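Participant: Sequence first, then the predicted structure:
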Amino acid sequence: MNLDWHIIWEYRSDLLQGFVLTLQLSLVAIAGASLLGTLVGCLRASGGFLARRLTALYVELLRNIPIVVKLFLAHFILGIDALPAGIAALILHQSAYVADVTAAGLRSIPSGQSDAALALGLSRWRSFCLVLLPQAARAMMPPMTTQYTQIVKNSSVVMLVALQELTFMTQRIEHETFRGLEAATTATVLYAAMALAIAAAMSGVERALERRGA
Amino acid sequence: MTAAVLQQAHRPPATRAQERLWRLLLLTALLGIVWLARDLRWAEVWASAGFLLSGLATSWMLALAAISLGALAAVPLALARMHAPAGLRHAVVMLIELVRATPELLVVFWLFFGLPAVTGKAVSGWTAAVAALSVIAAAHLAEVVRGGLVSVPEGQWDAARAIGLNPRQALLRVVLPQALRNMLPALIAQLVSLFKTTSLAYVVGVVEFFRAVSIVNNAVFAPYALYLTLTAGYLLCCGLLTWCLRRLDPNYLLAS
């Protein structure tokens, strides 16, 4: 096979534009999924009966439907614009997994911790926020890294509603020049770089949490 | 009193009355959905039921083919990661991590463009889809297989060798079967994830469940009824697998 890398340079502005959109989508979705997922996960681990059942239903429903289906449902059936539909699909999809991680993190803390916090005179709310959640956060960091990488990866499906992100640009290059392999290689390198950046950032956060805890 | 409150902060057990109330609530919600959906264009959906079911069968076939091929490919990858010399080991780790960091959609495109460049002739959408899903499965299952192999105590290996099995027999007949049992929950979790990923195969022209629904919708335009069917189809299939998984291992964390 003969590869022509010149084409990547020719399309540099398209690729850069796609990369930036992927980055923006990912960051917004990471923030949204973290907030929503943590909230649902907290309710799931320590809410009342109804809250626990409802959040379990939320997780099961969202986890068992492919993200493309959510995306098309939001865009073509509910008629939401492509960009908000894409962001909503990304956030809803990953929030279910983040909720699972959060619930598992909270459950991993021995019940003696909450007993001790309450015995010290903290209210239930404060013991949850000041004692349980910070400890759970430390346990959650490695699986959260996976979830954030997953968000960056999943952001590629929004090309199917014609949002011009990185994967969309590889398709454009393929259609216009038949140099899909070169474009896919470039995109893969960029996605891998984003995954590495997330891993590095998260290990930094993990270290910071450990220092605070020590 | 306080003790009861403390207990409650950590997973209070559900009473039977609460369980019954929850079931009633679920049933009401389900009936509500049925009531709301009663006037949708179900006749059109029913008329294409055979086509939709064949799409669903294609999705299952894609997922099952990919998990089988992926699991087969994962064994040498896991063994290389555990026992190969440093150079090969790092290469394998790099490859696995690269695939895991690449969007599924891009992996599909990769094989669709990449396979013809290697073999010299165009590949069908089906081949590209199965190959892409298998590659994704292999990259994820390599770690699962490694975990499974590590989970079998060293003594099993020694014992198998001591009764005169050669290394190959010891691996295939003693260690792998036990590893497989420990790996089963993770394998099913991967199957759920793959089943959902089959919905991306439509981009290379495979008519699986998602594509089948879109085709029918383009022909008869019954979006609400069809998308309800689509959602219910995925929920039922993945729900069934998740239910099996929960029976095997109630504490399995699906998110990792």
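Facilitator: Good, I have the coordinates.

Participant: Which helix or which strand is home to the spatially most central residue of chain B?
Facilitator: Computing the C-alpha centroid of chain B and ranking residues by CA atoms, centre = their mean puts residue B:191 first, at 2.1 Å. Using DSSP states H and E, residue B:191 sits within helix B:176-197.

Participant: Would you mark the buried spots in that helix?
Facilitator: For helix B:176-197, the neighbour count (16 or more other CB atoms under 10 Å in any protein chain shown) marks B:176, B:179, B:182-197 as buried. In short, each C-beta sits where N, CA and C put it, glycine included.

Participant: Give me the contact list for that helix.
Facilitator: With contacts defined as CB atoms under 8 Å, 6 or more residues apart in numbering or on different chains, helix B:176-197 is touched by A:64-67, B:59-60, B:62-64, B:66-67, B:70-71, B:75, B:104, B:133, B:136-137, B:140-141, B:144-145, B:147-149, B:151-152, B:156, B:234, B:237-238, B:241-242, B:244-245, B:248-249, B:252, B:254.

Participant: and what of stretch A:167-177?
Facilitator: Under CB under 8 Å, 6+ apart, the answer for stretch A:167-177 is A:7, A:11, A:14-15, A:17-18, A:22, A:156, A:159, A:162, A:164, A:179-180, A:182-184, A:186-187, B:103, B:105-106, B:109, B:113.

Participant: Break down chain A into its helices, ranges please.
Facilitator: Secondary structure of chain A (DSSP state H): helices at A:6-10, A:12-46, A:49-63, A:67-72, A:82-107, A:111-119, A:124-127, A:133-154, A:166-177, A:180-213.

Participant: Centre of the chain to the helix-or-strand element of chain A with minimal mean pLDDT, how far?
Facilitator: Within chain A, judged by mean pLDDT, DSSP states H and E, the helix or strand with the poorest mean is helix A:6-10; its value is a mean of 87. Its chain's C-alpha centre and that of helix A:6-10 lie 31 Å apart, by CA atoms, centre = their mean, to the nearest Å.

Participant: for that helix, packing partners?
Facilitator: Judged by 3 or more CB pairs under 8 Å, 6 or more residues apart in numbering or on different chains; DSSP states H and E, the packing partners of helix A:6-10 are helix A:180-213.

Participant: Any residue of the helix it packs on touching chain B?
Facilitator: Yes: with CB under 8 Å from any CB of the partner chain as the criterion, chain B is reached by helix A:180-213 at A:180, A:181, A:184, A:187, A:188, A:191, A:192, A:194, A:195, A:196.

Participant: Run the angle between the longest helix along chain B and helix B:176-197 for me.
Facilitator: Counting residues, the longest helix found in chain B (DSSP H) is helix B:49-83. Angle, helix B:49-83 to helix B:176-197, by axes from the mean of the first three to the mean of the last three CA atoms, to 10 degrees: 130 degrees.

Participant: Point out the other helices and strands that helix B:49-83 packs with.
Facilitator: Contacts defined by 3+ CB pairs under 8 Å, 6+ apart place helix B:49-83 against helix B:86-101, helix B:125-151, helix B:176-197, helix B:209-220, helix B:223-248.

Participant: Kindly reformat those as a markdown table containing mean pLDDT and distance to residue B:21.
Facilitator: Formatted as a markdown table, the helices and strands packed on helix B:49-83 follow (pLDDT from 0 to 100; distance: least, CB to CB, whole Å):
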| stretch | mean pLDDT | distance to residue B:21 |
| --- | --- | --- |
| helix B:86-101 | 93 | 43 |
| helix B:125-151 | 93 | 39 |
| helix B:176-197 | 91 | 29 |
| helix B:209-220 | 94 | 35 |
| helix B:223-248 | 92 | 22 |
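
Participant: most packed of those?
Facilitator: helix B:125-151 (a mean of 22; mean count of other CB atoms under 10 Å in any protein chain shown).

Participant: That helix to helix B:176-197, inter-axis angle?
Facilitator: On the basis of the same axes, to 10 degrees, helix B:125-151 is oriented at 140 degrees to helix B:176-197.

Participant: any idea which helix or strand comes after helix B:125-151?
Facilitator: According to DSSP H and E, the helix or strand after helix B:125-151 is helix B:154-162.

Participant: What residues of that following helix count as buried?
Facilitator: For helix B:154-162, the neighbour count (16+ other CB under 10 Å) marks B:157, B:160 as buried.

Participant: roughly how far out does that helix sit from the chain middle?
Facilitator: So, by CA atoms, centre = their mean, the centroid of helix B:154-162 is 33 Å from its chain's centroid.

Participant: Likewise for stretch A:159-166?
Facilitator: On the basis of CA atoms, centre = their mean, stretch A:159-166 sits 18 Å off its chain's mean C-alpha point.

Participant: what does that stretch rub up against?
Facilitator: With CB under 8 Å, 6+ apart as the contact definition, stretch A:159-166 has outside contacts at A:15, A:17-19, A:21-22, A:25, A:68, A:71-72, A:75, A:82-83, A:85-86, A:155-156, A:158, A:167-168, A:171-172, A:187, A:190-191, B:105, B:203.

Participant: For it, what is the spacing between the initial and final residues?
Facilitator: Stretch A:159-166 has an end-to-end distance of 8 Å (criterion: CA to CA, to the nearest Å).

Participant: Now that stretch: buried residues?
Facilitator: By 16+ other CB under 10 Å, the buried positions in stretch A:159-166 come out as A:159, A:160, A:161, A:163, A:164, A:165, A:166.

Participant: Show the model's pLDDT score for the first one.
Facilitator: I take that to be residue A:159. At residue A:159, the pLDDT value in this model is 94.

Participant: sorry, back to before: tabulate the CA atom coordinates of the helix holding residue B:191 in PDB.
Facilitator: Extracted C-alpha coordinates of helix B:176-197, given in PDB (Å, rounded to 0.1, in the frame of the first residue of the first chain):
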ATOM      1  CA  LEU B 176      -8.200 -22.300  31.200                       C
ATOM      2  CA  PRO B 177     -11.400 -24.000  32.200                       C
ATOM      3  CA  GLN B 178     -11.100 -22.700  35.800                       C
ATOM      4  CA  ALA B 179     -10.100 -19.300  34.500                       C
ATOM      5  CA  LEU B 180     -13.100 -19.300  32.200                       C
ATOM      6  CA  ARG B 181     -15.400 -19.800  35.100                       C
ATOM      7  CA  ASN B 182     -14.000 -16.700  36.800                       C
ATOM      8  CA  MET B 183     -14.100 -14.700  33.600                       C
ATOM      9  CA  LEU B 184     -17.700 -15.400  32.800                       C
ATOM     10  CA  PRO B 185     -19.200 -12.300  34.400                       C
ATOM     11  CA  ALA B 186     -16.700 -10.100  32.500                       C
ATOM     12  CA  LEU B 187     -17.400 -11.900  29.300                       C
ATOM     13  CA  ILE B 188     -21.100 -11.300  29.600                       C
ATOM     14  CA  ALA B 189     -20.500  -7.700  30.400                       C
ATOM     15  CA  GLN B 190     -18.400  -7.400  27.300                       C
ATOM     16  CA  LEU B 191     -21.100  -9.100  25.300                       C
ATOM     17  CA  VAL B 192     -23.600  -6.400  26.500                       C
ATOM     18  CA  SER B 193     -21.200  -3.700  25.500                       C
ATOM     19  CA  LEU B 194     -20.600  -5.400  22.100                       C
ATOM     20  CA  PHE B 195     -24.300  -5.800  21.500                       C
ATOM     21  CA  LYS B 196     -24.800  -2.100  21.900                       C
ATOM     22  CA  THR B 197     -21.800  -1.400  19.700                       C
END
